[in-house]
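A.B. asks: task: produce atomic coordinates for the following.
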Amino acid sequence: MAVMESRIDTRSAQFLANRQHYQALLDTLRTRQAQAVSGGRDAQIARHHERGKLLVRERIDFLIDDQSAFLELSPLAAWGQYDNEVPAAGIVTGIGMVAGQPCMIIANDATVKGGSFFHETVKKHVRAQEIAEENRLPCLYLVDCGGAYLPEQDRVFPDKDHFGNTFYRQCRMSQSGLPQISAVFGGCTAGGAYIPALSDEVVMVRGNARIHLGGPSIVKVAINEEVDGETLGGAEMHSRVSGVSDYLAENEPQALAYLREIVAKFPQAAAMTPPRVPVAPRYDPDEIIGIVSQDPKQPYDVREIIMRLVDGSDFQEFKPLWGETLVCGFAHLMGYPIGIIANNGALFSESAQKGAHFIALANQRGIPLLFLQNIAGYMVGSAAERGGIAKNSAKMVYAQACSRVPRFTVVVGGSFGAGNYGMCGRGFQPRLMFAWPSACVATMSADIAANVMLELGRASLKGQADPQRLAEIEQRTREQYARQSDPYYATSRLWDDGLIEPADTRAVIGLGLALAARSTPPVISTPVYRM
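C.D. replies: The predicted structure is shown next:
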């Protein structure tokens with residue numbers, strides 16, 4: 001066994017200072033998550049309850065198996081946008097166990113603009129469907145949706161990845177054998193009507209649920225017909241007359257019980273049993289927040305994080321004496337085999353070659369990969385260029401992009417420039433990608449960006465540099481990069497699947513590995529070319 005030994009003194013002043021700093025980051029995360037769940041819309045929540053309706057997360061609690069977890073995705077989507085009036089982008093998505101089967105749950109929150117779709121709502125809905133399709137998960141839609149938010153129509157309606165794409169994906173998943181089931185709890189108008197209409201089976205709640213392509217006001221304008229919502233598209237009519245609904249529920253708990261019964265009759269899914277019994281790490285994952293330096297310029301050994309994530313802190317490191325700024329190795333996590341690629345500094349030619357070699361090994365053996373990003377980028381300079389950094393970094397990007405095993409990414413610190421690409425950033429479509437509150441994603445750091453802009457400014461002024469103008473350029477650049485590299489800026493725009501606490505990383509990636517193990521066909525073995 002290659003059990004690692006920690007060199008961290010958990011009583012040192014540095015550890016305690018790091019821990020205190022990171023605890024403040026966690027406090028901010030928890031406060032903002034609480035605000036996204038129920039803050040700032042008391043009147044809408046009260047009106048929702050008066051109509052006999054459960055809140056969206058209450059519905060999910062009723063639906064999933066007792067004492068089982070629910071992995072919510074992107075709970076801070078749209079944070080800091082729209083004056084914070086669209087918490088969680090008005091939709092809750094995530095993975096939960098229903099009648100013993102893992103399912104993707106996509107649930108509209110009608111207390112947020114009537115469940116209407118904003119740009120980020122669509123992105124979040126589509127991302128949930130992507131995850132469901134790749135991991136072969138049935139989709140359960142808890143529908144309470146007013147369709148597209150009309151003032152945002154140009155960012156919601158017409159493009160390839162806009163609202164229509166959600167229906168395309170729904171149809172394609174149904175065709176591929178992934179059940180698409182809807183329970184309707186409120187008014188579903190226009191695009192919102194197609195979510196249940198395109199589902200394999202539909203449940204509607206008497207009195208509250210409605211489905212109509214055009215509501216009463218549109219009908220009045222279009223054909224001058226006076227009709228109330230219940231007559232036009234109520235649950236009773238659709239269950240007895242049109243046949244749009246397959247089950248009529250008297251209330252929301254009964255509708256959710258119908259969903260559970262439907263899922264229980266699905267063919268039995270492949271088991272999520274790991275190949276070996278999980279073993280807790282030898283070191284406490286809660287210690288991670290004392291290891292990550294409060295100063296991002298102050299390095300720390302990423303092995304100290306790895307040994308607090310993997311089973312038994314047992315990690316077989318690959319090429320430990322070569323390309324030392326990239327740590328690679330095999331381990332087990334929650335009982336599943338995994339290959340880990342983690343940054344310990346800027347990537348040199350040797351590190352990039354090592355990474356490409358290790359990715360080839362993982363693909364040959366069919367072992368999923370976890371990327372732990374904390375990267376300033378690939379090394380620059382004349383020595384690096386003569387050493388082949390361009391071709392060697394491209395090798396790593398190529399190997400990672402063409403990898404056929406499931407890939408997972410966690411941004412633990414900086415994620416800058418081409419380092420983001422080589423370490424399986426969002427553009428390379430990892431199965432799941434999460435970030436810690438210490439994450440920072442940008443083309444480059446604020447310091448480097450400011451210096452680059454200053455050099456460009458001096459060059460353009462050809463020796464006639466105005467100190468005040470240069471100072472304005474520097475300040476503007478720093479402010480821009482500080483704002484746009486903030487982890488909440490990134491997660492608000494769904495550049496990741498959510499911010500998670502470091503101590504939860506093991507459980508979150510463990511779930512991803514379990515889903516991948518039951519849904520990924522065997523990888524055809526490929527040769528390993530030594531780099």
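A.B. asks: low-scoring pLDDT stretches of the chain, where are they?
C.D. replies: Along the chain, the parts satisfying pLDDT under 70 run over 1, 461-465, 523-524, 529-531.
A.B. asks: in it, which strand is the longest?
C.D. replies: For the chain, the longest strand by residue count, based on DSSP state E, is strand 407-416.
A.B. asks: can you name every helix or strand that it contacts?
C.D. replies: Counting by 3 or more C-beta pairs under 8 Å, 6 or more residues apart in numbering; DSSP states H and E, the packing neighbours recorded for strand 407-416 are strand 369-375, strand 432-435, strand 440-442, helix 505-519. Every C-beta, even on glycine, is put in place using the N, C-alpha and C of the backbone.
A.B. asks: now with 10 Å?
C.D. replies: In terms of contacts (3 or more C-beta pairs under 10 Å, 6 or more residues apart in numbering; DSSP states H and E), strand 407-416 is packed against strand 336-343, strand 369-375, helix 417-422, strand 432-435, strand 440-442, helix 487-492, helix 505-519.
A.B. asks: make CSV out of these and add distance to Phe167 and mean neighbour count.
C.D. replies: Formatted as CSV, those follow (distance: least, C-beta to C-beta, whole Å; neighbours: other C-beta atoms under 10 Å):
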stretch, distance to Phe167, mean neighbour count
strand 336-343, 34, 24
strand 369-375, 33, 26
helix 417-422, 32, 22
strand 432-435, 24, 25
strand 440-442, 31, 21
helix 487-492, 25, 21
helix 505-519, 23, 20
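A.B. asks: any chance of those in JSON lines, plus distance to Ala471?
C.D. replies: Below are these laid out as JSON lines (distance: least, C-beta to C-beta, whole Å):
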{"stretch": "strand 336-343", "distance to Ala471": "34"}
{"stretch": "strand 369-375", "distance to Ala471": "30"}
{"stretch": "helix 417-422", "distance to Ala471": "26"}
{"stretch": "strand 432-435", "distance to Ala471": "33"}
{"stretch": "strand 440-442", "distance to Ala471": "22"}
{"stretch": "helix 487-492", "distance to Ala471": "25"}
{"stretch": "helix 505-519", "distance to Ala471": "41"}
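A.B. asks: for Gly191, which of these is the nearest?
C.D. replies: helix 487-492 (23.1 Å; C-beta to C-beta).
A.B. asks: the closest one packs against which elements?
C.D. replies: Counting by 3+ C-beta pairs under 10 Å, 6+ apart, the packing neighbours recorded for helix 487-492 are helix 13-38, strand 407-416, strand 432-435, strand 440-442, helix 467-484.
A.B. asks: neighbouring contacts of it?
C.D. replies: For helix 487-492, contacts defined as C-beta atoms under 10 Å, 6 or more residues apart in numbering pick out 25, 28-29, 32, 74-81, 84, 89, 120, 411, 415, 426, 434-442, 482-484, 486, 495-499.
A.B. asks: can you tell me which of those residues are buried?
C.D. replies: For the contacts of helix 487-492, a burial check counting by 16 or more other C-beta atoms under 10 Å picks out 25, 29, 32, 74-79, 81, 89, 120, 411, 415, 426, 434-442, 486, 495-499.
A.B. asks: how about the longest strand of the chain: buried residues?
C.D. replies: Buried, per 16+ other C-beta under 10 Å, within strand 407-416: Arg407, Phe408, Thr409, Val410, Val411, Val412, Gly413, Gly414, Ser415, Phe416.
A.B. asks: ditto for stretch 26-38
C.D. replies: For stretch 26-38, burial by neighbour count (16+ other C-beta under 10 Å) applies to Leu26, Leu29, Arg32, Gln33, Ala36, Val37.
A.B. asks: export those to CSV and append columns for distance to Val241.
C.D. replies: Formatted as CSV, the buried residues of stretch 26-38 follow (distance: C-beta to C-beta, whole Å):
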residue, distance to Val241
Leu26, 53
Leu29, 49
Arg32, 46
Gln33, 43
Ala36, 40
Val37, 38
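A.B. asks: nearest to Asn451, of those residues?
C.D. replies: Leu29 (31.0 Å).
A.B. asks: all strands of the stretch 51-200 of the chain, in order?
C.D. replies: Assigned by DSSP state E, counting those that start in this stretch, the stretch 51-200 of the chain shows strands spanning 70-73, 91-98, 101-108, 139-143, 180-184, 187-189.
A.B. asks: how about those, which one is nearest Gln298?
C.D. replies: Closest to Gln298 of the strands of the stretch 51-200 of the chain is strand 70-73 (C-beta to C-beta; 31.9 Å).
A.B. asks: just the CA trace of the closest one, in CSV.
C.D. replies: Taking Å, rounded to 0.1, in the frame of the first residue of the first chain, the C-alpha atoms of strand 70-73 are listed here in CSV:
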residue,chain,number,x,y,z
PHE,A,70,-30.1,15.1,-2.8
LEU,A,71,-27.2,16.6,-4.7
GLU,A,72,-28.5,20.0,-5.8
LEU,A,73,-26.8,21.5,-8.8
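A.B. asks: now for that strand, which elements pack on it?
C.D. replies: Contact here means 3+ C-beta pairs under 10 Å, 6+ apart; on that basis strand 70-73 packs against helix 13-38, helix 56-63, strand 91-98, strand 101-108, helix 119-134, strand 432-435, helix 505-519.
A.B. asks: quick one: Arg59 and Val184 touch, right?
C.D. replies: No - using C-beta atoms under 10 Å, Arg59 is not in contact with Val184, being 11.7 Å away.
A.B. asks: which one's more surrounded, those two?
C.D. replies: Neighbour count, other C-beta atoms under 10 Å: between Arg59 and Val184, Val184 has more, with 32 against 24.
A.B. asks: tell me the contacts of the more buried one?
C.D. replies: By C-beta under 10 Å, 6+ apart, the residues touching Val184 are 108, 141-145, 192-193, 195-196, 199, 202-205, 208-211, 233, 235, 238, 244-245, 249, 255.
A.B. asks: any quick PyMOL command for the buried ones out of those residues?
C.D. replies: Applied in PyMOL, the following selects the buried portion of the contacts of Val184 according to 16+ other C-beta under 10 Å:
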select buried, resi 108+141+142+143+144+145+192+193+195+196+199+202+203+204+205+208+209+210+211+233+235+238+244+245+249+255
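A.B. asks: the contacts of Val184 in helices, which ones?
C.D. replies: Gly192, Ala193, Ile195, Pro196, Gly233, Ala235, Ala255 (DSSP state H).
A.B. asks: closest one of these to Gln14?
C.D. replies: When those are compared for distance to Gln14 (C-beta to C-beta), Ile195 wins out at 51.9 Å.
A.B. asks: ok, that closest one touching Gln129?
C.D. replies: No - counting by C-beta under 10 Å, Ile195 does not reach Gln129; the two are 11.2 Å apart.
A.B. asks: joint contacts of Arg59 and Val184?
C.D. replies: What both Arg59 and Val184 touch, as defined by C-beta under 10 Å, 6+ apart, is the set Leu142, Asp144, Ala255.
A.B. asks: hmm, Arg59 and the first one touching each other?
C.D. replies: Yes - with contact defined as C-beta under 10 Å, Leu142 counts as touching Arg59 (5.3 Å).
A.B. asks: tell me the contacts of Ala17?
C.D. replies: Taking C-beta under 10 Å, 6+ apart as the criterion, Ala17 is in contact with Gly290, Ser293, Gln294, Asp295.
A.B. asks: list the helices and strands the helix or strand hosting Ala390 packs on?
C.D. replies: Assigned by DSSP states H and E, Ala390 belongs to helix 389-401. Judged by 3+ C-beta pairs under 10 Å, 6+ apart, the packing partners of helix 389-401 are helix 349-365, helix 382-386, helix 417-422.
A.B. asks: mind running it again at 7 Å?
C.D. replies: helix 349-365, helix 417-422 (3 or more C-beta pairs under 7 Å, 6 or more residues apart in numbering; DSSP states H and E).
A.B. asks: the first one vs strand 407-416, what angle?
C.D. replies: It refers to helix 349-365. 170 degrees (axes from the mean of the first three to the mean of the last three C-alpha atoms, to 10 degrees).
A.B. asks: so what touches helix 349-365?
C.D. replies: Outside of helix 349-365, the residues within contact range by C-beta atoms under 7 Å, 6 or more residues apart in numbering are 318-319, 322-323, 325-326, 328, 339, 341, 369, 378, 384, 387-389, 392-393, 395-396, 399-400, 403-405, 422, 523, 525-526, 528-531.
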